[in-house]
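> When you get a sec, could you give me coordinates for this:
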Amino acid sequence: MTSPLLFSTIEVTRQAFYRTALSYAIVNLKPIVPGHVLVIPTRPVPRLTDLTTPELTSLITSVQNVGRVIERAYGGDALTVACQDGKAAGQSIPHVHFHLMPRKYQGDYFSQRRDDIYPALEQSETSLPRDFHNLKTINSVVQHHTLKVDADEDRLPRTLEEMEKEATWLRGFFTEARERHDSDAV
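Numbering: from 1, shown residues only. The predicted structure is shown next:
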């Protein structure tokens, strides 16, 4: 059995879809765009400079591997990769993490004003501690709601079940890639 994953002090094992010894990826509680995920080092540290070289290498390799998959899975043409490294940079959870967001030339909420994603990310990050704290309450009260993304002000945090469903779907992409790699090695 694998150990639980903590995002700072928040247990996020059920939201995880990718895991290495030193890093993991989770689906987002309040995605800004479809496929908005987080890549996080396993050891909870607040800043990039607190990571060891092997941890940083694993984290960046995971950003690359997860980014490749979510771009394909969500039909993206590119990725926005962002790290708010410290409270003054907008980080609200004191555990270093990268946001990966698939982007499209057309049909993306931000396709006409591409840089507008950054203020939306900052606003989303501000409410994250409260949203995670309220997750249990929300999950017991809200049975189901339509996923609202694209920086919609009225979007609610998703239920644990909704996040688990997306994580299971994304996990399948990594299983397929491993199976292809194993068959190529034979």
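
> Flag the shaky bits of the protein, pLDDT-wise.
Filtered on pLDDT under 70, the chain yields the residue ranges 1, 109-155, 176-186.

> Show me the strands in it, by range?
6-7, 10-11, 16-19, 23-27, 37-41, 78-82, 98-103 (DSSP state E).

> Can you lay out the ones you listed as TSV showing distance to N65?
For the C-beta atoms, the positions are set from N, CA and C on the backbone; glycine is no exception. Formatted as TSV, those follow (distance: least, Cβ to Cβ, whole Å):
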stretch	distance to N65
strand 6-7	19
strand 10-11	23
strand 16-19	7
strand 23-27	9
strand 37-41	9
strand 78-82	12
strand 98-103	10
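
> Now distance to L59 and mean neighbour count too, for the ones you listed, in CSV please.
Formatted as CSV, these follow (distance: least, Cβ to Cβ, whole Å; neighbours: other Cβ atoms under 10 Å):
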stretch, distance to L59, mean neighbour count
strand 6-7, 14, 18
strand 10-11, 18, 14
strand 16-19, 12, 20
strand 23-27, 5, 26
strand 37-41, 5, 25
strand 78-82, 12, 18
strand 98-103, 7, 23
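
> looking at those strands, which is closest to K165?
strand 23-27 (9.1 Å; Cβ to Cβ).

> ok, S8 - how many residues close by?
Neighbour count of S8, defined by other Cβ atoms under 10 Å: 17.

> Can you tell me how far it is from T57?
Distance of S8 to T57, computed by Cβ to Cβ, to the nearest Å: 22 Å.

> Ok, R72 next?
23 Å.
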